[in-house]
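Asks: My questions are about this predicted structure, shown below with the sequence.
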Amino acid sequence: MNKLLYYIALSFLFSCQSPTAKKEPSAAADSVDTARAQTTIRYAHGFTIDYHDGFKVVRILDRNNNKFDTLEYLLVQKGHPAPPGYPRAQVIPIPVQTMIAMSSTHVGMADFVGVADRIMGLGNLRYVNSPVVQENIRKGRIKEVGLDENINNELVISMHPGLLLAMSNPEANGARYKVLTDAGTPVIVVAEWLENTPLGKAEWVKLMAALTNREALVNRKFDSVAKTYDSLVQLARQAKTHPHVIIGTPFKGSWFMPAGDSYMAHFIEDAGGGYHWADSKGTGSLSLNFESVAPEALTAEYWLNIGLINSKQDLLAKDPRFASFRSFKMGNLYNFDKRSNDLGSNDYWESGVVNPHIVLADMISILHPGLLSGDTLVYYRQLQ
Amino acid sequence: MNKKHMTWRWIALCTLLMLIFFLDIAIGPVRIPLKSVLRIILSLPGEDSTVHYIIGQIRIPKACTAVIAGCGLSVSGLQMQTLFRNPLAEPSVLGVTAGASLGVAAIMLGGGSIVTLYTIRELGISGSWLITLAGCIGAAGIMLLVILISRKVRDNMMMLIIGVMVSTATLAIISVWQYFSDAELIKDYLLWTFGSLGGVTGTQLYILGAVTLAGLILSFLSSKMLDALLLGENYARSMGVTIHRARVIIICSTSLLAGSITAFCGPIGFVGIAVPQMARSIFSTSSHRILIPACCLLGTGLILLCDLIGQWPGNQTALPINIITALVGAPMVVWIILGKNNLSIYG
């Protein structure tokens, strides 16, 4: 059973990765999907999709600070008129044929949906792992347009993209992209990074599916991801031990530790790890001082997501006091940078986001050696 | 002020300082019984290893860094105020702090892309050493520039303006760098600019201590020159002080003090400007033989007190030292000055 799960997870990763796996004729598949498939959101809290005849309504919610702010988008099928009654909504003609992505997560989602070849522009060309996109960059088909404040509006407008995927906070309310939207370039805010559960974050691929009329395919793939994830959670629950985990490194006395309701804390819980701050409130991170972390750091068995560090020696160079940590003495130091390339781009942030089951399998292999057979890590790497 | 009065003030100040130093080690976010603290300080066996670690590896190095930073920053502030005869001068006016920041920014913001970083790594220097070394090189570079300029300048007031200009230009270079950097790197750099006492440990502490001691000795040796400078450059000349040489010595010792402390702890503001005022008010003198040790004691006390507030029991959050020094120090200075009503560098 365990072995099976592992193979499912692995085969899934490669089906998402390899360019050969997604040779689907795009336009035809899109229109077939349009007619029937719809998708429902089960894990994500940040967006909703409603289906109507000839158009979809997407709402991006901002649940921060107890405010419910909404950005509204009308995804109108090509050939259909824009429906009346949505004065605040931005119109995006679908299926989207060309797009500009701001974040590596967007690339990961496009790859998952099988539309990575539609990316014509990126915020930064350095942060890409997808073979399809890398190939297109090599061929000069993808332009660098700049990130956030530095976005080159004139270049973006001249490229006439079908959509620009932005990564700002929904609260920022699109004012930053007003020049673009005024010029007729649709911009959608993809706020997957505000989700605090691994499956919630991954489920944002369904937004990508809605934009490209690929709901049927994505429903199938995502359900399989969720199913594998859930069975891995069940497996981790059977583990006899729950070794404690610390995350990150302190810098100049401040140690940013994921809060109890954060993405990382959920991952640790699902992987059957013990987390000292599991009961703390908040979905972001806690800013702690070194001393208050020290009692836990000295005894915790595992130290994950250490940061931009290559080896144990690097870690000691940062602060020799780390040598006293139990995790350090045991050699249980892991970083999620196994799939990062020379330019500093890390696939964890790209395909890792849409493959939470593989990340979880990694974490379970680390925390419970032997529970999953074939303990080869995909995203994680042990520091030597 | 009579001598007896003066002696009492010294004794009171020293006692208070020792008390704060002890409290800084005894009190922290993790509750440790006073008995255990005493046992560890006296190196008696039998205490839990976690408690040992917290006292020996976290609190004592931090308190020692506070002492070093307190002495160095306040004395360099005092020297600047005297050299420029301006009660608002502080260590950063010469651009040394900005120079250290430039060095650190070069590593932290430029690090990801610069090939040279790998070359430096090959030399076996990495982590916090790299940042510190870069800070020292940056501070030294700006210091050399300022000394070169100072040879051409006759008036100390002009020197002040040039120092501020060098500082502003250096900070502008950092801003350009920040503008083109990734958010994550900027965040790290920003954290560095908040200042911190907790990052200096082991060998670094000894090096920082040695450099600061050298700067303090240099400063103490030049106390007579500083006294003469207070009365004006012409008067100082008539007393046999070579203005150029005095200036170079003072700039050197200030750069050593402020540059090294900034490189190790980040730019800690406010202490350099506030403590000399407090020292003058409390001891009612302008003699540097008294003001220099007074600044050391008061500066140490102020930083230790701020650190103590920052790590109050039950407070798990790390509050940067810069915020506390300003919040605690500003009202304190106003209170002392209002009590004495003498904002003057002439005592």
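Replies: Sure thing, it's come through. Since this is a predicted model, take the numbers as computed values, not measurements. Numbering: from 1, shown residues only, chains lettered A, B, ... in the order given.

Asks: Spell out which residues of the stretch 151-300 of chain B are next to chain A.
Replies: B:180, B:183, B:188, B:191-192, B:194-199, B:201-202, B:266 (C-beta under 8 Å from any C-beta of the partner chain). In short, each C-beta sits where N, CA and C put it, glycine included.

Asks: Where does pLDDT dip in chain A?
Replies: Where chain A drops to pLDDT under 70, the residues are A:1-36, A:63-69, A:149, A:169-175, A:344.

Asks: State which helix of it is the longest.
Replies: Scanning chain A for the longest helix, with DSSP state H as the assignment, gives helix A:215-237.

Asks: Just the C-alphas of that one, formatted as CSV.
Replies: Taking only C-alpha atoms (Å, rounded to 0.1, in the frame of the first residue of the first chain), the coordinates of helix A:215-237 have been written out as CSV:
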residue,chain,number,x,y,z
GLU,A,215,-12.0,22.1,-15.8
ALA,A,216,-12.5,18.5,-16.7
LEU,A,217,-8.8,17.7,-16.9
VAL,A,218,-7.9,19.7,-13.8
ASN,A,219,-10.8,18.2,-11.7
ARG,A,220,-9.4,14.8,-12.5
LYS,A,221,-5.8,15.7,-11.7
PHE,A,222,-6.6,17.7,-8.6
ASP,A,223,-8.9,15.0,-7.2
SER,A,224,-6.1,12.6,-7.5
VAL,A,225,-3.7,15.0,-5.8
ALA,A,226,-6.1,15.5,-3.0
LYS,A,227,-6.8,11.8,-2.6
THR,A,228,-3.1,10.9,-2.4
TYR,A,229,-2.6,13.7,0.0
ASP,A,230,-5.4,12.5,2.3
SER,A,231,-4.1,8.9,2.3
LEU,A,232,-0.7,10.1,3.1
VAL,A,233,-2.1,12.1,6.1
GLN,A,234,-3.9,8.9,7.2
LEU,A,235,-0.6,7.0,6.9
ALA,A,236,1.3,9.7,8.9
ARG,A,237,-1.3,9.4,11.7
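
Asks: What helices and strands are in contact with it?
Replies: helix A:2-17, helix A:26-36, helix A:104-113, helix A:198-202, helix A:205-212, helix A:263-270, helix A:356-367 (3 or more C-beta pairs under 8 Å, 6 or more residues apart in numbering or on different chains; DSSP states H and E).

Asks: chain center to the third one, what's the gap?
Replies: Centre-to-centre, helix A:104-113 and its host chain are 8 Å apart (C-alpha atoms, centre = their mean, to the nearest Å).

Asks: ok, now the fourth one?
Replies: Relative to the mean C-alpha coordinate of its chain, helix A:198-202 is positioned 7 Å out (C-alpha atoms, centre = their mean).

Asks: Give me the contacts around it.
Replies: A:42-46, A:192-193, A:195, A:222, A:225-226, A:229, A:263, A:266-267, A:270, A:353-356, A:359-360 (C-beta atoms under 8 Å, 6 or more residues apart in numbering or on different chains).

Asks: Return the set of buried residues in the helix or strand harbouring B:Met225.
Replies: Assigned by DSSP states H and E, B:Met225 belongs to helix B:223-230. Residues of helix B:223-230 classed as buried: B:Ser223, B:Met225, B:Leu226, B:Asp227, B:Ala228, B:Leu229, B:Leu230 (neighbour count, 16 or more other C-beta atoms under 10 Å in any protein chain shown).

Asks: For the third one, give its distance to A:Leu377.
Replies: The spacing between B:Leu226 and A:Leu377, counted by C-beta to C-beta, to the nearest Å, is 63 Å.

Asks: Same check on the fifth one?
Replies: When distances are taken as C-beta to C-beta, B:Ala228 and A:Leu377 turn out to be 69 Å apart.

Asks: secondary structure class for B:Pro267?
Replies: coil (DSSP: H, G, I helix; E, B strand; the rest coil).

Asks: okay, it: pLDDT?
Replies: Looking at B:Pro267, its pLDDT is 86.

Asks: Please look at it and B:Ser101 and confirm they touch.
Replies: Yes - between B:Pro267 and B:Ser101 there is a contact under C-beta atoms under 8 Å: 6.2 Å.

Asks: Overlap of the contact sets of these two?
Replies: Contact criterion C-beta under 8 Å, 6+ apart; residues shared by B:Pro267 and B:Ser101: B:Thr193.

Asks: between those two, who's got more neighbours?
Replies: Using other C-beta atoms under 10 Å in any protein chain shown as the criterion, B:Pro267 and B:Ser101 rank with B:Ser101 on top: 30 against 22.

Asks: wait, isn't the more buried one in contact with B:Ala263?
Replies: No - if you go by C-beta under 8 Å, B:Ser101 and B:Ala263 don't touch, sitting 9.4 Å apart.

Asks: and for those two, which residues touch both?
Replies: Common contact partners of B:Ser101 and B:Ala263 (C-beta under 8 Å, 6+ apart): B:Gly135, B:Gly138.

Asks: Could you tell me how far stretch B:231-246 lies from the centre of the chain?
Replies: With C-alpha atoms, centre = their mean as the basis, stretch B:231-246 stands 27 Å off its chain's centre.

Asks: can you list contacts of that stretch?
Replies: B:Arg85, B:Ser150, B:Arg151, B:Asp155, B:Asn156, B:Ser222, B:Met225, B:Ala228, B:Leu229.

Asks: List the residues that contact the last one.
Replies: For B:Leu229, the set of contacting residues under the criterion of C-beta under 8 Å, 6+ apart consists of B:Thr82, B:Leu83, B:Arg85, B:Asn156, B:Ala236, B:Val241, B:Ala246.

Asks: Try it again at 7 Å.
Replies: Counting by C-beta atoms under 7 Å, 6 or more residues apart in numbering or on different chains, B:Leu229 makes contact with B:Thr82, B:Leu83, B:Ala236, B:Ala246.

Asks: My reading is that A:Glu296 is in a helix; is that accurate?
Replies: Yes - according to three-state DSSP, A:Glu296 belongs to a helix.

Asks: Does A:Val58 belong to a helix, a strand or coil?
Replies: Recorded secondary structure, A:Val58: strand (three-state DSSP).

Asks: What's opposite it in the beta bridge?
Replies: Beta-bridge partners of A:Val58, counted by DSSP bridges, are A:Ile49, A:Tyr73.

Asks: And it, how close does it get to chain B?
Replies: 26 Å (C-beta to the nearest C-beta, to the nearest Å).

Asks: Would you agree that residue is in contact with A:Leu75?
Replies: Yes - the criterion here is C-beta atoms under 7 Å, and A:Val58 meets it with A:Leu75 at 6.0 Å.

Asks: would you list the contacts of B:Leu229 in CSV and tack on neighbour count?
Replies: Compiled in CSV, the contacts of B:Leu229 are given as follows (neighbours: other C-beta atoms under 10 Å in any protein chain shown):
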residue, neighbour count
B:Thr82, 25
B:Leu83, 24
B:Ala236, 19
B:Ala246, 21
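
Asks: Among those, name the ones in helices.
Replies: The members of the contacts of B:Leu229 that map onto helices under DSSP H are B:Thr82, B:Leu83, B:Ala236, B:Ala246.

Asks: Tell me the spatial nearest neighbour of the first one, not counting adjacent residues.
Replies: Ranked by C-beta to C-beta, 6 or more residues apart in numbering or on different chains and with sequence neighbours excluded, the top spatial neighbour of B:Thr82 is B:Leu226, at 4.8 Å.

Asks: Now do the contacts for the one you found.
Replies: Residues in contact with B:Leu226 (C-beta under 7 Å, 6+ apart) are B:Gln79, B:Thr82, B:His288.

Asks: can the residues you listed go into CSV with extra columns for pLDDT?
Replies: CSV is the format used below for the contacts of B:Leu226 (pLDDT from 0 to 100):
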residue, pLDDT
B:Gln79, 91
B:Thr82, 89
B:His288, 91
